[in-house]
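> coordinates for the following, if possible.
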Amino acid sequence: MTTATVAATRAEYCVIACAEAWRGDGEVLAAAMGTVSTLGARLARLTFAPELLITDGEAMLAADVPALGAAPAAVEGWLPYRRHLEMVAGGHRHVMMGASQIDRHGNQNISCIGDWSRPDRQLLGVRGAPGNTANNPTSYWIPRHSSRVFVERVDVVCGVGQHRLDGAAGRFHDLRRVVTDLAVLDFGGPDRAMRLCSVHPGVTVDQVAAATGFPLALPDAGVPFTRDPSAEELRLIREVLDPRGARDREVRP
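As a prediction, the model looks like this:
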């Protein structure tokens, strides 16, 4: 059986949905955090976004597109930590972060669960989330869509959501999309609230609603399925970018 005849898995639909986040971005750094989002950025570079900049995950800009865990065969630039911080401030990135909690307006928490002064669980900390969201186009990749993540109110605001940055402070604030193992969402709902854009094949709108801790806006024309990958995209995912199948360890079948 060839790659073209094997049905796409849920993880592969997630890769496609993440890749689409960078469509039309031009020459910016794809700063992906997570296995599937990294695969999405690399797939975009190999297909419809050849001008996209990607790194080896450390300090090198890759001239080619390596498989996960492999070093690039050619390097086109050096991006040490101090230069990366300059890019964060300058906005020449589209970052795809994760979220331990996210609300309907895109406020994100990766710091702690519970009262910040005495949390039930300590997580990563605020880290670079405020600067990312204030200065760069920002999307999210969330591999477990649940009401524990999609909450009415986050415990700590790390990534800045809609309506928190006014005037000049918010001129570069640009929340793009949220990709999960169930669906694709954006902030096109009333008052820039989260809206359901598509569900992955095998998922229903009711399933997504039940896994979300707040009401989701729905498009007037109905909710479509996430687009199918092409045969060439499947070949690239399976044979070039992720031959060891790391995507299936991040997304449950």
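
> run through who's touching the lowest-mean-pLDDT helix or strand in the chain.
Taking mean pLDDT, DSSP states H and E as the measure, helix 81-90 is the helix or strand of the chain with the lowest mean score, a mean of 77. Counting by Cβ atoms under 8 Å, 6 or more residues apart in numbering, the neighbours of helix 81-90 from elsewhere in the structure are Leu29, Ala59, Leu79, Arg93, Gly128, Gly131, Asn132, Asn135, Asn136. Where C-beta positions appear, they are placed from N, C-alpha and C, glycine not excepted.

> list the strands paired with whichever helix or strand comes after that helix, with their directions.
Later in the chain than helix 81-90, the nearest helix or strand by DSSP states H and E is strand 93-97. Sheet pairing for strand 93-97, assigned by DSSP bridges, gives strand 29-32 (parallel), strand 137-142 (parallel).

> any idea of the mean pLDDT in strand 93-97?
For strand 93-97, the per-residue pLDDT values average out at 95.

> got the angle between it and helix 81-90?
Inter-element angle recorded for strand 93-97 and helix 81-90: 100 degrees (by axes from the mean of the first three to the mean of the last three Cα atoms, to 10 degrees).

> convert the C-alpha atoms of strand 93-97 to CSV, please.
Taking only C-alpha atoms (Å, rounded to 0.1, in the frame of the first residue of the first chain), the coordinates of strand 93-97 have been written out as CSV:
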residue,chain,number,x,y,z
ARG,A,93,8.2,35.9,14.0
HIS,A,94,5.0,34.0,14.0
VAL,A,95,5.0,31.9,17.2
MET,A,96,2.9,28.9,17.9
MET,A,97,2.9,28.3,21.7
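
> could you shift the numbering so residue one becomes 57, and keep it that way?
Taking 57 as the first residue, the last one we looked at is strand 149-153.
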